[in-house]
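Enquirer: For reference, the sequence and a predicted model appear below.
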Amino acid sequence: MSRRRSNARQSGRALAGAIGIVLAGACVHQPPSIDGGAAAPASPSSLWQPSRKVVEVARRDTAAIRVAAQDLQHLTLADVVDIALRNSPDTRLSWAQARAAADVYGSSKGQLYPTLSANLDFNRSLTAATPVRSGVERSQYGPSLSLAYTVLDFGGRSGSIDVARQTAVAADLTHNATVENTIFQVESAAFGYLATRSERDAEQAAVNEATAALDAANERHRVGLATIADVLQAQTARSEALLQLETLEGALQIARGTLAVAMGVPANTPFEIPQVPATDSVHFVAQSVDSLINAAVRNRPELASARAAAAASSAIRVTRSAYLPALGFSATGANNRSSFSGLGGRTYSLNFGLQIPLFSGFSNQYDVHAASEDYQAALARADATKQQVIQQVFTSYYTLRTATDRVHTSADLLASATQSETVARERYREGVGSIVDLLVAQSALATARAQSVESRWQWRTALAQLAHDVGVLGARGDATFSPLSPAPQSRPGR
């Protein structure tokens, strides 16, 4: 008996343990799988292992990047702008929004036409029985045609159509502004890359000159015409030039990546832009700042978009028509068939209705006031945009004139620094000049080269900025100013 009780207790404990394990397992949260792999990391300190499908998608994306990179060799500035416009998500977004606004405008014009609908009805009914007649069950079926038309609504339809039209115009102009901004952004990135590359090349020339100075100092020290101090000074100057060259090499790669991203391709995409000749002509805009401001007021799509939004005063008419009478017309024609003879045939109805809103809890009045305030706010935004455009043109105009002066001043500086370095080098070679004079002249020449490169690319960027601000920056990145004149040798008068 005691053995049976002991076995029973052991069986009970085993059953209770099994039930506990089952319940504990039911309480444990098991995340679902994602493509056959774990849906989440196993612990806070572990990495999530993606499934094979996720890895394959990443490999396909990498292959697409490699294919796209094969088409970006020997690009011109126009090619860079074209690639950016085709790849930019901003231009795709603004284009889709413009098309959607145009479709909304087309839809709003449907209010001018009547609505027509066709129906096919089937009705099964049972009439209640009366003391003199039993209940009748019958079926009726047949087509019907309905027409409805708003004859007069005191400006509601025309106002909503005009609002949709102005909204579509504003969306189109916003797309134009997005395109111009994209052109300017990628053009500025291209100028930054080319400027950095030119500075790198100029610094490479400085390293070569410093190397030649070091070789000359070593030779003079070997024959006893110079001290070790000359060699050390020349070596220091060369190391400084090398350090600056290495810095520019890194900056060039960063500028390359910035331009690639501006074109809408990955930053590590290889590409090449031929160097613009250093002898390209520099022009200044012969037009006055006032004429350019007037052109910007006419051309800038941002300002035109703000004007279009402000011109949509028809929204006031739309809200005002909500508490004015509306005259409507409707007509219905049907050809019914019935399970009982004599109950079918053609029917029609005509209705002219005048709807007169009496009270809506003052909501219509508030809507009219809100529409009026929105209209005043749109006018204020248009005025603010105009002032901003004028300031941008004024600033970029004088920035370009200053950049034009800097190009010629830096050219004069480069010419004098080159002559000074030549004289110092010849004097040192002849033994009548010191290494300090040569190194100072070479340092001045390197600085003059960098300033010449920087001023020329600053002029190009300033010209693009002014073209953008006036609204004449072409789709190929060219500035369509007229007239353009060669920059004078002296500083132009204000």
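Expert: Nice, I can see it. Numbering: from 1, shown residues only.
Enquirer: Backbone dihedrals for Arg406, please?
Expert: Backbone dihedrals for Arg406, given as degrees, to the nearest 10, come out at phi -70, psi -30.
Enquirer: and it, how many neighbours?
Expert: 19 (other C-beta atoms under 10 Å). C-betas here are computed from N, CA, C, even on glycine.
Enquirer: residues contacting it?
Expert: By C-beta atoms under 8 Å, 6 or more residues apart in numbering, the contact set of Arg406 is Ser455, Gln458, Trp459.
Enquirer: Could you measure from it over to Val453?
Expert: 12 Å (C-beta to C-beta, to the nearest Å).
Enquirer: returning to that earlier point: and the contacts of Arg406, which are buried?
Expert: Ser455, Gln458, Trp459 (16 or more other C-beta atoms under 10 Å).
Enquirer: In which helix or strand does the first one reside?
Expert: So the one you mean is Ser455. helix 435-470 (DSSP states H and E).
Enquirer: cool, and Arg124?
Expert: strand 115-126.
Enquirer: can you pull the buried residues of the helix or strand following that strand?
Expert: For strand 115-126, the following helix or strand on the C-terminal side (DSSP H and E) is strand 137-152. The neighbour-count check on strand 137-152 (16+ other C-beta under 10 Å) flags Gln140, Gly142, Ser144, Thr150 as buried.
Enquirer: Take those residues and write them to JSON lines, including pLDDT and distance to Ala326.
Expert: Output for the buried residues of strand 137-152, formatted as JSON lines (pLDDT from 0 to 100; distance: C-beta to C-beta, whole Å):
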{"residue": "Gln140", "pLDDT": "76", "distance to Ala326": "33"}
{"residue": "Gly142", "pLDDT": "79", "distance to Ala326": "31"}
{"residue": "Ser144", "pLDDT": "84", "distance to Ala326": "25"}
{"residue": "Thr150", "pLDDT": "80", "distance to Ala326": "6"}
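Enquirer: ok, these vs Ala118, which is closest?
Expert: Taking C-beta to C-beta as the measure, Ala118 lies nearest Ser144 of those, at 7.4 Å.
Enquirer: Surely that closest one touches Arg337?
Expert: No - assessed by C-beta atoms under 8 Å, Ser144 is found out of contact with Arg337, at 11.9 Å.
Enquirer: which one of the buried ones among the contacts of Arg406 is nearest Leu77?
Expert: For the buried ones among the contacts of Arg406, the nearest to Leu77 is Trp459 (15.2 Å; C-beta to C-beta).
Enquirer: Not counting sequence-adjacent ones, nearest residue to that closest one?
Expert: Ala403 (4.1 Å; C-beta to C-beta, 6 or more residues apart in numbering).
Enquirer: quick one, what contacts that neighbour?
Expert: Contacts of Ala403 by C-beta under 8 Å, 6+ apart are Ser455, Gln458, Trp459, Thr461, Ala462, Leu463.
Enquirer: Give me the pLDDT for the second one.
Expert: In this model, Gln458 is scored at 89, pLDDT.
Enquirer: same question, the fifth one
Expert: Model confidence at Ala462, given as pLDDT, is 90.
Enquirer: what's near enough to touch it?
Expert: Contacts of Ala462 by C-beta under 8 Å, 6+ apart are Ser396, Thr399, Leu400, Thr402, Ala403.
Enquirer: Could you list which of those belong to helices?
Expert: Ser396, Thr399, Leu400, Thr402, Ala403 (DSSP state H).
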